[in-house]
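[1] Quick check, what structure comes out for this input:
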Amino acid sequence: MKWNHPKISEQLITMTLEECIYEEEPFLQNCKIVGSRVDGETIERLNLTNAVVKNCSFQHAVLPDFFITDVRFENCDFSNADVTGVSIHRASFHNCKMLGVNFADARLTDVLFDECIGNLSAFVHNKWERIHFLKCQLQETDFFNCKMKNTRFEECSLDQASFDETPLKKVEINTSEFDSLTVSMKDLSGCIVSTRQAIQFASMIGLDIRDE
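    Presented below is the predicted three-dimensional model:
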């Protein structure tokens, strides 16, 4: 699966997230942001474009209608943040903590999650295309009623993740691991799985598998 990488300028100016907290239409572009903390803050309609964001903390922040385009996040903490309605296009998240994040009604295109911790997060009513989860922890994560196109879960932990009302046709999970998943057989149709996973799913629906 090919995805479009973030288009980020080599020359970026230094800015902070704190300076936009009280702006009515906060817009940060062509910038590098390092070490900012907006824990517990509410920032509506934050627009972040052409940026690198490192070592920043968004814990418990409320960021409705967050708009992200051409951004690279490194070592950031979004734990328990609410980013309902977020739009993310050509972005990557590297070694970010995303425990319990509310991604409800998100729209994502060309996004990489690389070695992120997203346990207990809620990707509910999402619509996305060309999404790559690489070596991520996604235990007990909720993917309810999502439309996934060109999606790969590569070497992820998906134990107890839920895919209720989410068709998995052509979604790649064959290199990931889980002991159990919540998914209906009709939604599992066409999902790309490994032989071992196929046996797991057969066991989940009560098949008695025996070799001669």
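[2] the helices in the protein, which residues?
    185-188, 195-204 (DSSP state H).
[3] ok, of these, where does mean pLDDT dip lowest?
    Of all these, mean pLDDT reaches its minimum on helix 195-204 (a mean of 81).
[4] Now that one: buried residues?
    Q197 (16 or more other Cβ atoms under 10 Å). Placement of C-beta: from N, CA and C, glycine included.
[5] thinking again about what came up before, turn the helices of the chain into TSV, columns for distance to L12.
    Formatted as TSV, the helices of the chain follow (distance: least, Cβ to Cβ, whole Å):
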stretch	distance to L12
helix 185-188	42
helix 195-204	43
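[6] pretty sure N50 is touching Q11, no?
    No - using Cβ atoms under 8 Å, N50 is not in contact with Q11; the gap is 10.4 Å.
[7] Looking at those two, which is more packed in?
    N50 (17 against 6; other Cβ atoms under 10 Å).
[8] list the contacts for the more buried one?
    7-9, 12, 29-31, 69-71 (Cβ atoms under 8 Å, 6 or more residues apart in numbering).
[9] how many other residues sit next to the nearest residue to G35 once chain neighbours are set aside?
    Distances taken as Cβ to Cβ, 6 or more residues apart in numbering put N55 closest to G35, at 5.2 Å, once the chain neighbours are dropped. When neighbours are defined as other Cβ under 10 Å, N55 has 14 of them.
[10] and N55, how far is that from S162?
    32 Å (Cβ to Cβ, to the nearest Å).
[11] so what's L63 up against?
    Per Cβ under 8 Å, 6+ apart, neighbours of L63: 42-44, 46, 81-83, 86.
[12] and the residue sitting nearest the centre point of the chain, what does it touch?
    In the chain, the residue lying closest to the centroid (Cα atoms, centre = their mean) is F113, at 6.0 Å. Counting by Cβ under 8 Å, 6+ apart, F113 touches 92-93, 96, 98, 131-134, 136.
[13] Going by distance to K169, which of those residues wins?
    I131 (14.7 Å; Cβ to Cβ).
[14] which residues are common contacts for N50 and Q11?
    N30.
[15] wait, isn't N75 in contact with N55?
    Yes - contact criterion Cβ under 8 Å: N75 and N55 qualify, at 5.0 Å.
[16] just for the chain, where's the confidence low?
    By pLDDT under 70, the low-scoring segments of the chain are 1, 205-212.
[17] sorry, back to before: just the ones in strands from the contacts of N50, please.
    29-31, 69-71 (DSSP state E).
[18] A81 contacts C56, doesn't it?
    No - checked against Cβ under 8 Å, the pair A81 and C56 is beyond contact range at 11.4 Å.
[19] So these two - more neighbours on which side?
    Counted by other Cβ under 10 Å, A81 and C56 do not tie: A81 has more neighbours, with 26 against 20.
[20] All set, thanks.
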